[in-house]
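A.B. asks: structure of the sequence below:
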Amino acid sequence: MNQLPDILKRFRNFVYVQVRRLFSLKHWRYRLHRTFKLGRIRSFLLSSWTYLHELFTRAPEKEIAAYLGRSERRIKVLHVNAYLSKGGASRAASMLHCTLLAHGIESVMVTRETPIISDNILPTCRKSLGSYLLECFAWIRYLLLTKSLNKPTIRHSPQIVSSYSLLKTIELLEPEIVHLHWICGDYITIEEIGRIGVPVVWTMHDMWPILAEDHVDYGDVHREDYSDLSINTREGWTWKRKQRSFQELASLTCVGVSRYMRDLIKESVLFREREVVNFPNPIQRELFHRCIPRDEEPPVIPAEHKGRFVLLFVSAYIDYNKGIDLLDEALCDPTLAHWLDRLLLLTVGPVAGFAFQNKITRHDLGVVKDDNRMAQIYSAAHMTLVTSRFESYSLAAAESICCGTPVVSFDTSGLRDVVENGVTGWRAQCFDSSDFATKITDLLGRLENGSIADYDAWEKACERFSPESVAVGYENLYEAILSK
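C.D. replies: Predicted structure coming up:
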């Protein structure tokens with residue numbers, strides 16, 4: 001009988017909460033957003049308004065005309081990347097573009113982002129309303145096809161519809177070479193790639209160009225012809241579109257950002273007959289070097305954590321490929337047990353939503369967009385942990401090394417090019433969390449004893465990332481293409 005009042009009390013509290021929720025504006029606003037996808041609708045309306053405004057005011061064309069009026073030289077290279085500063089590919093493309101300008105080469109970059117703040121970075125023209133609507137109908141056809149492969153953790157890009165017109169932009173700028181970088185996110189359609197009429201250089205920052213729709217694949221599908229997929233499946237149809245479009249390119253040179261990527265491209269069905277070379281992504285050495293925060297800047301490591309060994313992880317938990325689950329497994333390994341009270345896990349990126357199981361003290365810095373601040377973070381860490389399952393290159397690993405901080409990674413993909421085993425870091429057996437923990441422990445022991453690789457070997461490893469050496473390689477490639 002004594003339990004009855006408690007049950008009544010809990011029931012009363014439950015009713016009270018439900019009544020409050022029923023009359024809560026915040027609750028119903030949340031429900032409307034979830035039920036009717038109001039965030040997506042708002043984004044669609046905003047992008048539609050931007051498209052129509054730029055289409056009828058011809059704002060991109062006016063900016064391009066103004067640039068051509070100021071420029072006295074013919075454009076040699078037109079760099080094309082979906083974003084200006086979002087992601088490693090955009091930063092690498094921007095760095096290469098700026099380095100070519102410093103070398104006296106007339107280089108222009110176009111993106112989907114506006115407003116543009118640089119004289120040599122221009123917006124992309126818009127397609128006519130008729131062309132855009134035709135692509136929208138093609139997208140509806142795509143949705144009616146059968147789903148091919150169920151890979152919820154892998155990003156897909158069918159690239160069927162886009163309001164941007166690269167062809168119109170090329171027609172106005174008349175470059176000698178078009179240099180493609182990361183062009184997904186519905187920026188450029190597959191069909192438009194095949195209609196580029198000038199020599200094309202394509203720096204491939206992930207596996208999307210050699211696959212049907214996926215950006216990453218852990219098998220050998222790039223060597224196959226998707227023969228097991230019907231054209232009536234989504235992935236099969238996209239693959240046929242790529243085959244038709246890429247064959248139309250008269251002059252195409254592919255660039256792998258690592259030797260691993262170069263080999264994947266050479267083995268792929270789509271590009272095995274094309275010329276393939278390897279140039280790493282450049283790192284801005286004047287920004288990414290060993291540095292100490294100034295007194296007026298907030299400290300990277302909170303005062304209460306001073307004296308701990310700092311393990312840095314730079315990524316997002318939502319990306320399965322980045323392996324935050326493998327990181328957590330490694331940090332739970334018994335090998336690290338006697339180090340736990342001396343370690344600090346420092347995270348950069350949206351990782352706060354991941355439920356960590358390890359007992360290491362953690363400090364989340366969130367998303368950091370300032371390169372100077374990132375250089376300070378790399379410099380403050382004792383090691384950077386890269387647990388990716390696949391990396392075409394890994395900008396985070398290269399930036400960390402340039403800041404003098406060793407990297408622990410798996411012995412996989414492009415990381416074999418970036419992390420020199422025993423020199424700038426340690427590579428563990430692929431996806432073996434226990435071996436990864438052993439490598440962390442080994443590096444901690446070396447740090448405690450002060451026995452890290454010598455300065456000359458480290459500097460030699462960093463020379464490969466310098467923008468100047470990368471730009472010279474691209475200059476020679478451009479000249480070779482134009483002389484044919």
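A.B. asks: which one is residue 138 nearest to, not counting chain neighbours?
C.D. replies: For residue 138, ignoring the flanking residues on the chain, the nearest one in space by Cβ to Cβ, 6 or more residues apart in numbering is residue 160 at 5.2 Å. (C-beta placed from N, C-alpha, C; glycine too.)
A.B. asks: right, and that neighbour touches residue 132 too?
C.D. replies: No - taking contacts as Cβ atoms under 8 Å, residue 160 lies outside contact range of residue 132: 11.5 Å.
A.B. asks: in the helix or strand hosting residue 277, what counts as buried?
C.D. replies: Assigned by DSSP states H and E, residue 277 belongs to strand 275-278. Within strand 275-278, the residues that qualify as buried are 276, 277, 278, counting by 16 or more other Cβ atoms under 10 Å.
A.B. asks: now stretch 212-220, how far from the centre of its chain.
C.D. replies: Centre-to-centre, stretch 212-220 and its host chain are 15 Å apart (Cα atoms, centre = their mean, to the nearest Å).
A.B. asks: span of that stretch from start to end?
C.D. replies: 13 Å (Cα to Cα, to the nearest Å).
A.B. asks: which residues touch that stretch?
C.D. replies: 148, 151, 154-158, 184, 206-208, 211, 226, 229, 234-236, 238-239, 242, 321, 389-390 (Cβ atoms under 8 Å, 6 or more residues apart in numbering).
A.B. asks: confirm residue 472 sits in a strand?
C.D. replies: No - using DSSP: H, G, I helix; E, B strand; the rest coil, the assignment for residue 472 is helix, not a strand.
A.B. asks: check contacts around it.
C.D. replies: Contacts of residue 472 by Cβ under 8 Å, 6+ apart: none found.
A.B. asks: measure it to residue 73 for me?
C.D. replies: Separation of residue 472 from residue 73 (Cβ to Cβ, to the nearest Å): 20 Å.
A.B. asks: ok, now how distant is the residue nearest to residue 138 from residue 290?
C.D. replies: Using Cβ to Cβ, one gets 47 Å for the distance from residue 160 to residue 290.
A.B. asks: do the same with residue 233
C.D. replies: Counting by Cβ to Cβ - residue 233 and residue 290 are separated by 52 Å.
A.B. asks: which one's more surrounded, the two?
C.D. replies: Neighbours were counted for residue 233 and for residue 290 using other Cβ atoms under 10 Å; residue 233 has more, 18 against 11.
A.B. asks: how far away is that one from residue 105?
C.D. replies: Spatial separation of residue 233 from residue 105 under the definition Cβ to Cβ is 44 Å.
A.B. asks: now do residue 77
C.D. replies: Distance from residue 77 to residue 105, by Cβ to Cβ: 7 Å.
A.B. asks: which stretches of the stretch 301-450 of the chain form helices?
C.D. replies: Counting by DSSP state H, counting those that start in this stretch, the stretch 301-450 of the chain has these helices, from start to end: 324-331, 371-380, 395-402, 415-418, 433-449.
A.B. asks: find the nearest non-adjacent residue to residue 386, please.
C.D. replies: Distance criterion Cβ to Cβ, 6+ apart; nearest residue to residue 386, sequence neighbours excluded, is residue 409 at 4.0 Å.
A.B. asks: that neighbour: what's it in contact with?
C.D. replies: 385, 386, 387, 388, 394, 397, 415, 419, 425, 426, 427, 428.
A.B. asks: spatially nearest residue to the residue nearest in space to the middle of the chain (excluding sequence neighbours)?
C.D. replies: In the chain, the C-alpha nearest the mean C-alpha coordinate belongs to residue 87, at 4.0 Å (Cα atoms, centre = their mean). Using Cβ to Cβ, 6+ apart and skipping residues adjacent in sequence, the residue nearest residue 87 is residue 182, 6.8 Å away.
A.B. asks: flag every buried residue along stretch 217-224.
C.D. replies: Buried, per 16+ other Cβ under 10 Å, within stretch 217-224: 217, 221, 222.
A.B. asks: how close does residue 166 sit to residue 239?
C.D. replies: 22 Å.
A.B. asks: quick one on the thing from earlier: and the strand holding residue 277, which strands flank it?
C.D. replies: strand 252-256 (parallel) (DSSP bridges).
A.B. asks: next helix or strand past the partner strand?
C.D. replies: On the C-terminal side of strand 252-256, the closest following helix or strand by DSSP H and E is helix 259-267.
A.B. asks: what's in contact with that following helix?
C.D. replies: Here helix 259-267 makes contact (Cβ under 8 Å, 6+ apart) with 204, 207, 209-210, 222-223, 254-256, 271-272, 274, 276-278, 392-393, 413-414, 416-417.
A.B. asks: all set, thanks.
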